[in-house]
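1. Predicted model and sequence below, questions to follow.
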Amino acid sequence: MTSTTAMRTFHTLALAAALTAASPGAQAQALSNGDFSAGLAGWQVLGDASVQNDAGGNELWLTNASLDFEDDFPLPAGALNRSGQGAATSGLESFIGIAGGALDPDPANGLQAYEGTAVLQSFSAAAGDTLSFNWDFGTSDNFADYAFAVVDGQLFRLGGSGEATLPGRLGNQLQTGAQSFSFSFASGGMHSVAFGVVDVGDYNVTSTLAVSGVQVVPVPEPSALLLMLAGIGVVAGSARRRISLSSQT
């Protein structure tokens with residue numbers, strides 16, 4: 001092997017090692033099946049959850065539709081239920097790891113979550129890693145239904161009936177349109193994320209939450225950054241030497 005060939009091999013290996021060390025797989029274990037290409041594999045489910053492909057890609061589709069009641073009269077009972085499992089009428093808060101009553105917007109004035117659906121997954125992530133996903137709330141309700149996310153027991157309201165102003169799809173009259181959400185973890189270890197939608201104030205009219213592109217993007221560790229910069233520096237230095245030699249010939 002000539003010195004030139006050996007140097008090129010070294011450059012290639014150095015750059016490959018740098019990129020491998022800085023890659024997401026080397027830093028943290030992301031959520032499984034965040035694109036829902038494997039259906040609901042990896043997700044715990046309570047209520048009516050399914051995977052739909054209405055917008056050109058897989059979406060987690062959650063509804064608060066029952067099977068036994070005419071939620072969307074004059075449509076028959078269960079018309080907008082997608083999975084064959086009815087929305088949960090109890091146990092939702094316990095399932096996603098928040099306090100009882102936390103999903104009730106204003107119980108003193110009768111605004112309580114009557115039924116809903118949620119999915120949950122636990123995963124490992126490092127401090128500084130970022131969880132992100134896309135969501136879209138849809139409804140034919142003009143009252144107080146809403147969708148939410150829960151990250152490590154912290155409840156985030158995503159959107160509700162008052163924010164749905166665009167023409168809807170898949171049985172909804174209105175939708176919020178695609179929105180994005182992100183959350184950076186302050187500490188490493190095991191974490192959890194849940195998504196859900198609830199029927200507030202009554203059992204009438206179906207609302208939905210569509211979720212897609214769930215991922216955890218790791219922050220590169222300092223050692224990985226140094227290795228990556230070193231590899232790039234080696235390649236850049238070699239390129240400058242080749243240019244210099246070429247200009248002298």
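-> Right, received. Where do you want to start?
2. mind showing which ranges of the protein have poor pLDDT?
-> Residue ranges of the chain with pLDDT under 70: 1-29, 55, 221-249.
3. Show me the strands in it, by range?
-> Using DSSP state E, the strands of the chain run over 44-46, 48-52, 59-63, 113-125, 130-139, 146-151, 154-160, 166-167, 174-175, 179-184, 189-200, 207-217.
4. looking at those strands, which is closest to Leu31?
-> Nearest of these to Leu31, taken as CB to CB: strand 113-125 at 4.8 Å. Where C-beta positions appear, they are placed from N, C-alpha and C, glycine not excepted.
5. and the angle for the closest one with strand 207-217?
-> With axes from the mean of the first three to the mean of the last three CA atoms, to 10 degrees as the basis, strand 113-125 and strand 207-217 are set at 10 degrees to each other.
6. And strand 113-125, what does it pack against?
-> Packing contacts for strand 113-125, counted by 3 or more CB pairs under 8 Å, 6 or more residues apart in numbering; DSSP states H and E, involve strand 44-46, strand 48-52, strand 59-63, helix 92-96, strand 189-200.
7. From the chain's centroid, how far away is it?
-> Per CA atoms, centre = their mean, to the nearest Å, the displacement of strand 113-125 from the mean C-alpha position of its chain is 11 Å.
8. In contact with Leu209, which residues?
-> Neighbour list for Leu209: Leu60, Trp61, Leu62, Trp135, Asp136, Phe137, Gly138, Ala147, Leu158, Phe195, Gly196, Val197 [criterion: CB atoms under 8 Å, 6 or more residues apart in numbering].
9. From Asp54, how far off is it?
-> Distance of Leu209 to Asp54, given as CB to CB, to the nearest Å: 13 Å.
10. repeat for Ser192
-> Ser192 is 27 Å from Asp54, by CB to CB.
11. Show me which of these two is the more surrounded one.
-> The neighbour count for Ser192 versus Asp54, taken as other CB atoms under 10 Å, is higher for Ser192 (16 against 11).
12. Please name the bridge partners of the more buried one.
-> Counting by DSSP bridges, Ser192 is bridged to Ser122.
13. Show the contacting residues for it.
-> Gly97, Leu120, Gln121, Ser122, Phe123, Val150, Val151, Asp152, Gly153.
14. Now for the fourth one, how many residues are close by?
-> Spelled out, that is Ser122. So Ser122, with other CB under 10 Å, has 14 neighbours.
15. Also the second one?
-> The burial count assigned to Leu120 is 17, neighbours taken as other CB under 10 Å.
16. My guess is it contacts Gln44. True?
-> Yes. Judged on CB atoms under 8 Å, Leu120 makes contact with Gln44 at a distance of 4.5 Å.
17. Common neighbours of those two, please.
-> Jointly contacting Leu120 and Gln44 under the rule CB under 8 Å, 6+ apart are Phe95.
18. Save the helices and strands packed on strand 113-125 as a markdown table, and put in distance to Gln175 too.
-> Below are the helices and strands packed on strand 113-125 laid out as a markdown table (distance: least, CB to CB, whole Å):
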| stretch | distance to Gln175 |
| --- | --- |
| strand 44-46 | 22 |
| strand 48-52 | 13 |
| strand 59-63 | 12 |
| helix 92-96 | 22 |
| strand 189-200 | 12 |
